[in-house]
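A.B. asks: Fold the following.
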Amino acid sequence: MAAMFRVLCGIDFLPGTTDVFSEALALSHGQGGDLTLLNVVSTNRQPHAQAHDEAIALAAMQRMAKDVGVTLRMVARRGVAATSILEVAHGTPFNLVVLGARRRRATTWCRSRSVSAS
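C.D. replies: The predicted structure follows:
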């Protein structure tokens, strides 16, 4: 039996999140796999008024995944995004990690340590 295709998608609910999610959802659906969303909130960030909007956006993502038959899981963490992405990715055997290109700090950090960390 073939292993399940698993996709990890980092989201931050800022502009561009919908595009990143849509791409990850399409990849998950195309491979018949499941999708895990990871939202990392900086330890310096205080609770904010957009929490309600984020809940609405997450509910919409859940509906979209359900409509195409993709199992969606949500993981929330506090800390440094790059560190949390690596921790979650190492804890579950993901086939693909999808990140937005808007801010390259986290992806650069991950790439620079991906070879030395393995």
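
A.B. asks: what packs against the longest helix anywhere in the chain?
C.D. replies: Longest helix of the chain, by residue count under DSSP state H: helix 51-68. With contacts taken as 3 or more CB pairs under 8 Å, 6 or more residues apart in numbering; DSSP states H and E, helix 51-68 sits against helix 17-31, strand 34-41, strand 72-78. Using the backbone N, CA and C atoms, a C-beta is placed for each residue, glycine as well.

A.B. asks: which one of the ones you listed lies closest to L99?
C.D. replies: When the helices and strands packed on helix 51-68 are compared by CB to CB, helix 17-31 sits nearest L99, at 7.1 Å.

A.B. asks: Give me the angle between that closest one and strand 34-41.
C.D. replies: 160 degrees (axes from the mean of the first three to the mean of the last three CA atoms, to 10 degrees).

A.B. asks: Could you pull up the residues touching L58?
C.D. replies: Counting by CB atoms under 8 Å, 6 or more residues apart in numbering, L58 makes contact with 37, 74.

A.B. asks: send the alpha carbons of the longest helix of the chain over as PDB?
C.D. replies: This file holds the C-alpha atoms of helix 51-68, laid out as PDB (Å, rounded to 0.1, in the frame of the first residue of the first chain):
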ATOM      1  CA  ALA A  51      -8.500  36.900  15.600                       C
ATOM      2  CA  HIS A  52     -12.200  36.900  14.500                       C
ATOM      3  CA  ASP A  53     -11.200  37.400  10.900                       C
ATOM      4  CA  GLU A  54      -8.600  34.600  11.100                       C
ATOM      5  CA  ALA A  55     -11.300  32.300  12.500                       C
ATOM      6  CA  ILE A  56     -13.500  33.100   9.500                       C
ATOM      7  CA  ALA A  57     -10.600  32.600   7.100                       C
ATOM      8  CA  LEU A  58      -9.800  29.200   8.700                       C
ATOM      9  CA  ALA A  59     -13.500  28.100   8.500                       C
ATOM     10  CA  ALA A  60     -13.500  29.000   4.700                       C
ATOM     11  CA  MET A  61     -10.300  27.000   4.200                       C
ATOM     12  CA  GLN A  62     -11.900  24.000   6.000                       C
ATOM     13  CA  ARG A  63     -14.900  24.200   3.700                       C
ATOM     14  CA  MET A  64     -12.700  24.400   0.600                       C
ATOM     15  CA  ALA A  65     -10.700  21.300   1.700                       C
ATOM     16  CA  LYS A  66     -13.900  19.400   2.500                       C
ATOM     17  CA  ASP A  67     -15.400  20.300  -0.900                       C
ATOM     18  CA  VAL A  68     -12.500  18.700  -2.700                       C
END
